[in-house]
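> after the sequence you'll find the predicted model.
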Amino acid sequence: MADWIYDLDFTILYPGVVALSIGAAGLGAWLGHQSQRRGSKQEDLGMLAGSTLGLLALLLAFSFSLALSRYDARRSMVLQEANAIGSAANFALMLPEPSRRPVLDMLRDYTDVRAGLGRPYDLSKLDRDVARSVDLQARLWQIAVTLTADAPQSLPIYRFVGSLNEMNNIHESRLSALRFRIPGEVMVLLLGVAMIAMALTGYHSGVRGARRPVATMLMAMTVGIVMTLVADLDRPARGFIKVPVQPLIDVAQGMSH
């Protein structure tokens, strides 16, 4: 329900997080100043603010680690898919004519589709790419079934069928990795904890009569950068950090020669 946070442009998300952090710190400082004027005692406030900041750091560390691991998994799947398609193309060279050329043409089209899977980001384009991938897989399987029926003992055909099966399995794995990400509720929770931590920090400074606008600004910018980076790592087809598809492009170029 909270996945809308991934749909925000980073020119909005980052300034928004920074502005909210500074606003929370400013509100906390004002409340702390008012509390100081009334003579209220806040003996344990520093420990509370420090504990909240520690919790924020822990949540950010876990979220960043999870997003980075998912990014590495997506990048690894691209390489695995490129290797699987390359193997299928190599085994296709050993297929009997007249099946060899149509299979290579379909594998080349399949590689082009997979290299542009969901790029640029558009849910309708992603659906079209998936439909095109499935259609090409079905046509390749039809040829493989025909070849197997004609020559059931052929080792090249047997290996070609195995490479097609691996290619299809990676298709599902890569598609799942593209569609699933850190729940938006987790990002909203991070934002809420960040606001509370900044507010308590500002409140503590206000109670002590200290003014630290530069430190507050730097901390707000740091929190904004880390949260934006976590969100960017989990948006593989958009943003500043995209999963590279160069291995698939190399395979497509290799089949063109």
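Received it, and whenever you're ready, just let me know what you need. Numbering: from 1, shown residues only.
> quick one: the strands in the stretch 151-257 of the chain?
Using DSSP state E, counting those that start in this stretch, no strands are found in the stretch 151-257 of the chain.
> end to end, how far does stretch 170-187 reach?
29 Å (CA to CA, to the nearest Å).
> neighbouring contacts of that stretch?
Residues from elsewhere that reach stretch 170-187 (CB atoms under 8 Å, 6 or more residues apart in numbering): 1-6, 63, 66-67, 70, 73-74, 77-78, 80-81, 84, 114, 117-118, 126, 130, 133, 137, 227, 230-231, 234-237. Every C-beta, even on glycine, is put in place using the N, C-alpha and C of the backbone.
> please, where are all the helices along the stretch 101-250 of the chain?
Using DSSP state H, counting those that start in this stretch, the helices assigned to the stretch 101-250 of the chain run over residues 123-150, 155-179, 184-208, 213-233, 246-256.
> what ranges of the stretch 51-200 of the chain fall below the confidence cut-off?
Along the stretch 51-200 of the chain, the model assigns pLDDT under 70 to no residue.
> circling back to that earlier point, who wins for proximity to Ala89 among the helices of the stretch 101-250 of the chain?
helix 246-256 (5.4 Å; CB to CB).
> that closest one: which residues count as buried?
Buried residues in helix 246-256, defined by neighbour count with 16 or more other CB atoms under 10 Å: Pro247, Leu248, Val251, Ala252, Met255.
> isn't the fourth one right up against Tyr110?
To tie it back to what came earlier, the one meant is Ala252. No. Contact criterion CB atoms under 8 Å: Ala252 and Tyr110 do not qualify, at 9.3 Å.
> buried deepest among the helices of the stretch 101-250 of the chain, which one?
The highest average neighbour count among those, using mean count of other CB atoms under 10 Å, belongs to helix 184-208 at a mean of 20.
> chain center to that one: distance?
26 Å (CA atoms, centre = their mean, to the nearest Å).
> for stretch 143-158, same thing?
39 Å.
> residue numbering should commence at 754 henceforth.
New numbering, starting at 754: the last item is stretch 896-911.
> could you dump that stretch to PDB, C-alpha only?
The C-alpha coordinates for stretch 896-911 follow below in PDB (Å, rounded to 0.1, in the frame of the first residue of the first chain):
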ATOM      1  CA  ILE A 896      10.900 -26.400 -32.500                       C
ATOM      2  CA  ALA A 897      12.800 -28.300 -29.800                       C
ATOM      3  CA  VAL A 898       9.900 -30.800 -29.400                       C
ATOM      4  CA  THR A 899       9.800 -31.400 -33.200                       C
ATOM      5  CA  LEU A 900      13.600 -31.900 -33.400                       C
ATOM      6  CA  THR A 901      13.500 -34.300 -30.400                       C
ATOM      7  CA  ALA A 902      10.800 -36.400 -32.000                       C
ATOM      8  CA  ASP A 903      12.700 -36.600 -35.200                       C
ATOM      9  CA  ALA A 904      16.100 -37.500 -33.500                       C
ATOM     10  CA  PRO A 905      15.500 -38.600 -29.900                       C
ATOM     11  CA  GLN A 906      19.100 -39.900 -29.500                       C
ATOM     12  CA  SER A 907      20.800 -36.700 -30.800                       C
ATOM     13  CA  LEU A 908      23.200 -35.300 -28.200                       C
ATOM     14  CA  PRO A 909      23.300 -31.700 -29.600                       C
ATOM     15  CA  ILE A 910      19.500 -31.600 -29.500                       C
ATOM     16  CA  TYR A 911      19.500 -32.900 -26.000                       C
END
